[in-house]
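J.: Sequence and predicted model, in that order:
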Amino acid sequence: MPDRPDDFLSKSFQYFQQVVRKSGPAATASYTLVGAILFFGAMGYLIDQWRETSPWFLLVGLLLGMIVGFYELAKTVWKQ
C-alpha cells in the first residue's frame, strides 16, 4: 500500500529538520565570518574618515575582520 500524503509530508519535514539542525553550526560560522569582516571594515572606514588616513585603517579593519572570522570558522569546523 503506498504511503499516504500525510506520511510523506511528515517524513519530509523530519528530514528537513535534521538537515537544518546539522547545518546550524556551519551557517553560524559563515555569518560570523561575514559579520566580522563587515564590522571591522566599517570601524576602519570610520577611523579613516575621522583621522583622514584613507585607506589604511579600512585595510587593517578588513584584515582583522578576516582573521577573526576565519578563526571562528576554524573553531567551528575543528570542534566537529
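T.: Right, received. Where do you want to start?

J.: separation between residue 65 and residue 25?
T.: The span separating residue 65 from residue 25 equals 20 Å under the rule CB to CB, to the nearest Å. The way it works is simple: take the backbone N, C-alpha and C, and place the C-beta from them, glycine included.

J.: Those two: which is more packed in?
T.: Neighbours per residue, other CB atoms under 10 Å: of residue 65 and residue 25, the larger number sits with residue 65, 22 against 14.

J.: Is that one in contact with residue 32, as I believe?
T.: No - under the criterion of CB atoms under 8 Å, residue 65 makes no contact with residue 32, lying 10.4 Å away.

J.: Count the residues that sit near the nearest residue to residue 28 once chain neighbours are set aside.
T.: Closest residue in space to residue 28, ignoring its immediate chain neighbours: residue 76 at 7.0 Å, by CB to CB, 6 or more residues apart in numbering. When neighbours are defined as other CB under 10 Å, residue 76 has 17 of them.

J.: show me what contacts residue 76?
T.: Taking CB atoms under 8 Å, 6 or more residues apart in numbering, we find residue 76 in contact with 25-26, 28-29.

J.: again, only this time at 7 Å
T.: With contact set as CB atoms under 7 Å, 6 or more residues apart in numbering, residue 76 has these partners: 25-26, 29.

J.: Secondary structure class of it, three-state.
T.: Judged by DSSP: H, G, I helix; E, B strand; the rest coil, the three-state class of residue 76 is helix.
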